[in-house]
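> this one's structure only:
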């Protein structure tokens, strides 16, 4: 346990900025987050007041390099007689033509299904 009786400070050794209640301008706060969200922006705007400003860093990942990868992309045209039946006919075609085959395969193939609209 240190002996506090031997500790002596004079008022001259304390910086004026701390006496003027400006010490918050010299604090360093480090926040790590994978995402930027409104609460984090509010925290930075309202509570992080450093004299030198705020530094926000972002990690940039290198490009994914795919060598010798063959990608097969297929487009299918589906004839529809009535526009109101369009979604149902497309969905039935997808189920009949693709989903049953993909769902019943025992091999683990790498497949991406892109749906351009959820509405």
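Cool, got the structure. These numbers were taken from a predicted model, which means no experiment stands behind them.
> list the buried ones in stretch 14-24?
By neighbour count with 16 or more other Cβ atoms under 10 Å, stretch 14-24 contains no buried residues. (Glycine included, C-beta is placed from N, CA and C.)
> just stretch 44-55 next, same as before
Buried residues in stretch 44-55 (16+ other Cβ under 10 Å): none.
> can you give me the offset of that stretch from its chain's centre?
A distance of 22 Å separates the centroid of the chain from that of stretch 44-55, by Cα atoms, centre = their mean, to the nearest Å.
> residues making contact with it?
The set of residues external to stretch 44-55 that reach it, using Cβ atoms under 8 Å, 6 or more residues apart in numbering, is 24-29.
> confidence score at the residue nearest to the spatial centre of the chain?
Nearest to the geometric centre of the chain sits residue 35, at 3.8 Å (Cα atoms, centre = their mean). pLDDT for residue 35: 81.
> low-confidence ranges in the protein?
Where the chain drops to pLDDT under 70, the residues are 1-9, 61-62, 64, 66, 105-109, 117-119.
> Show me the helices in it, by range?
Per DSSP state H, the chain carries helices over the ranges 16-19, 38-47, 86-94, 100-104.
> Buried deepest among the ones you listed, which one?
helix 86-94 (a mean of 13; mean count of other Cβ atoms under 10 Å).
> gap between the two ends of stretch 15-27?
14 Å (Cα to Cα, to the nearest Å).
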